[in-house]
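A.B. asks: Sequence first, then the predicted structure:
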Amino acid sequence: DAGITQSPRHKVTETGTPVTLRCHQTENHRYMYWYRQDPGHGLRLIHYSYGVKDTDKGEVSDGYSVSRSKTEDFLLTLESATSSQTSVYFCAISRGGQETQYFGPGTRLLVL
Amino acid sequence: GESVGLHLPTLSVQEGDNSIINCAYSNSASDYFIWYKQESGKGPQFIIDIRSNMDKRQGQRVTVLLNKTVKHLSLQIAATQPGDSAVYFCAENSLLTGGGNKLTFGTGTQLKVEL
């Protein structure tokens, strides 16, 4: 998985609770991304980062926030989880723009 | 708008045969395409990529063809093996504000290899 780890790998939580997912890379890549994968929708970009403290929204960013205080870590936070956020979340990294993205193993999140 | 779609949701092939997975895209400005393989419970795994200044690119047992005229690309897998069973995605690349790239994925094709 190209030096990418995600934690936790599985999580069950209740509606209304905050949840933070972590992505950690050992490749020193500049760009990091959070995607969600749902049946019938493929993978969709939530947020991405183009450097420490530099982040921007993707196509499905509502209800999510991110932070990147170090090159190697990119955090995704669900401020108040909803059942529609039940999904599999993937982190990806790339060396630069127009470069291949490499994906982590994913986090399976169930919101009850 | 941009979209990436796949012609067949499921493809069944005999072990040893060649597999061809197709993908259509609609954004004529796209200049970078990637094929990923995803096994159950795992993240997408990079297979091969191609840029728009190329028509064909070969890897180990895989070949990607790009036809910009009809906005179509395909993934060919030679001598398909049981380990090739997975979902295959094509992804279309576009640039983001900060210089990173957004991948737009299709919903995937399930490749099943029959013994």
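C.D. replies: That came through fine. Numbering: from 1, shown residues only, chains lettered A, B, ... in the order given.
A.B. asks: going forward, measure contacts and count neighbours with C-alpha atoms only.
C.D. replies: Noted.
A.B. asks: which stretches of the chain have low pLDDT?
C.D. replies: In the absence of a named chain, this looks at chain A. Residue ranges of chain A with pLDDT under 70: A:1-2, A:97.
A.B. asks: you looked at the wrong chain, it should be chain B
C.D. replies: B:1-8, B:98-100.
A.B. asks: in chain B, which spans are helices?
C.D. replies: Counting by DSSP state H, chain B has no helices to list.
A.B. asks: and it, which of its residues are near chain A?
C.D. replies: Along chain B, the residues adjacent to chain A under the rule Cα under 8 Å from any Cα of the partner chain are B:32, B:34, B:41-46, B:49, B:93-95, B:98-108.
A.B. asks: From the centroid of chain A, which residue is nearest?
C.D. replies: Ranked by distance to the mean C-alpha position of chain A (Cα atoms, centre = their mean), the top residue is A:Trp34 at 3.0 Å.
A.B. asks: re the thing from before, which among the residues of chain B next to chain A count as buried?
C.D. replies: B:32, B:34, B:43-46, B:49, B:93-94, B:100-108 (16 or more other Cα atoms under 10 Å in any protein chain shown).
A.B. asks: gap between A:Tyr31 and chain B?
C.D. replies: 6 Å (Cα to the nearest Cα, to the nearest Å).
A.B. asks: what residues does chain A put near chain B?
C.D. replies: A:1, A:31, A:39-45, A:49-50, A:56, A:90, A:94, A:96-106.
A.B. asks: which of the residues you listed count as buried?
C.D. replies: Of the residues of chain A next to chain B, these count as buried by 16+ other Cα under 10 Å: A:31, A:43-45, A:49-50, A:56, A:90, A:94, A:96-106.
A.B. asks: Which of those residues fall within helices?
C.D. replies: Using DSSP H, none of these sit in helices.
A.B. asks: Next step: the residues you listed restricted to strands.
C.D. replies: Under the assignment DSSP state E, those contribute A:Tyr31, A:Leu43, A:Arg44, A:Leu45, A:Ser49, A:Tyr50, A:Asp56, A:Phe90, A:Ser94, A:Tyr102, A:Phe103 to strands.
A.B. asks: Beta-bridge partners for the third one, please?
C.D. replies: Translated: A:Arg44. Counting by DSSP bridges, A:Arg44 is bridged to A:Arg36.
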